[in-house]
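1. kindly generate the corresponding structure for this input.
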Amino acid sequence: MSTPLPAGEIIFNEIIGSLNDLVDDIEIDEISRARQVRDLTEKAIGLKRIDIAMGLSALGSIACVQNDIKAMHRYHKMSLQHKTDSLLLFNYAASMAVCGDSEDALSYAKVACDLEPSNLTMLGFIIELAAETGETKTFLRYAAAWEKLKEEPHELYTKYLAEVQELNELSDFCMISSESALAEVWDSPEEDEAWAHLQ
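-> Prediction:
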């Protein structure tokens, strides 16, 4: 039987869920959007009275949605001064990723995931971010962790393997093509001798 979540975490998850819905809602008008952001800000300020770290982290996420990068960093950093746990680190990473700071987002997400290595949401986030930024070693490490937990590969890892196979096949084709092309070019004894010296 799982332990019920603390009240602060329930409110925090509601705020983050509402923010995600708001970001995904492309049809919302600016007035409704501003109202929702105001309501979520009030909810986050109320959350600070229950759990100051989570309230500050929620305010950091709200600042991120408002594209106020300075405030986003300030709130998240204050949050982590009160409490450093995987959820708050991961939330900061998610905000940084939304604001375009993929490298720092990846660093924070890795720390969060190291604190909670069986969290599939964190693993999936790192795999996607590592693929996006071309961090192959990180991508392979966390894709292996995903596969160990899920007993099936992550879809991006499957895609990666298909691309590697395609590149290998293309490389083999180029090698075979260049060998046959060179055989046609190097057809005199002098050219054969010159080729031998090059090898």
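2. from residue 40, how far off is residue 140?
-> Taking C-beta to C-beta, to the nearest Å as the measure, residue 140 and residue 40 are separated by 37 Å. C-beta coordinates here come from the backbone N, C-alpha and C atoms, glycine included.
3. higher neighbour count, those two?
-> Using other C-beta atoms under 10 Å as the criterion, residue 140 and residue 40 rank with residue 40 on top: 21 against 14.
4. got the contact list for that one?
-> Neighbouring residues of residue 40 by C-beta atoms under 8 Å, 6 or more residues apart in numbering: 15, 18-19, 22, 58, 62.
5. show me those residues that map onto helices.
-> Per DSSP state H, helices hold the following members of the contacts of residue 40: 15, 18-19, 22, 58, 62.
6. out of the residues you listed, grab the one that's most surrounded.
-> Going by other C-beta under 10 Å, residue 58 tops these with 31 neighbours.
7. residues contacting the nearest residue to that residue once chain neighbours are set aside?
-> Of all residues not flanking residue 58 in the chain, residue 44 sits nearest, at 3.8 Å (C-beta to C-beta, 6 or more residues apart in numbering). Counting by C-beta under 8 Å, 6+ apart, residue 44 touches 15, 55, 58-59, 62.
8. which pair in those spans the largest distance?
-> Farthest-apart pair in the contacts of residue 44 is 55 and 62; separation 10.6 Å (C-beta to C-beta).
9. with pLDDT and distance to residue 100 added, can I get the ones in helices among the contacts of residue 40 in JSON lines?
-> Formatted as JSON lines, these follow (pLDDT from 0 to 100; distance: C-beta to C-beta, whole Å):
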{"residue": "15", "pLDDT": "96", "distance to residue 100": "22"}
{"residue": "18", "pLDDT": "94", "distance to residue 100": "22"}
{"residue": "19", "pLDDT": "95", "distance to residue 100": "17"}
{"residue": "22", "pLDDT": "90", "distance to residue 100": "19"}
{"residue": "58", "pLDDT": "98", "distance to residue 100": "21"}
{"residue": "62", "pLDDT": "97", "distance to residue 100": "17"}
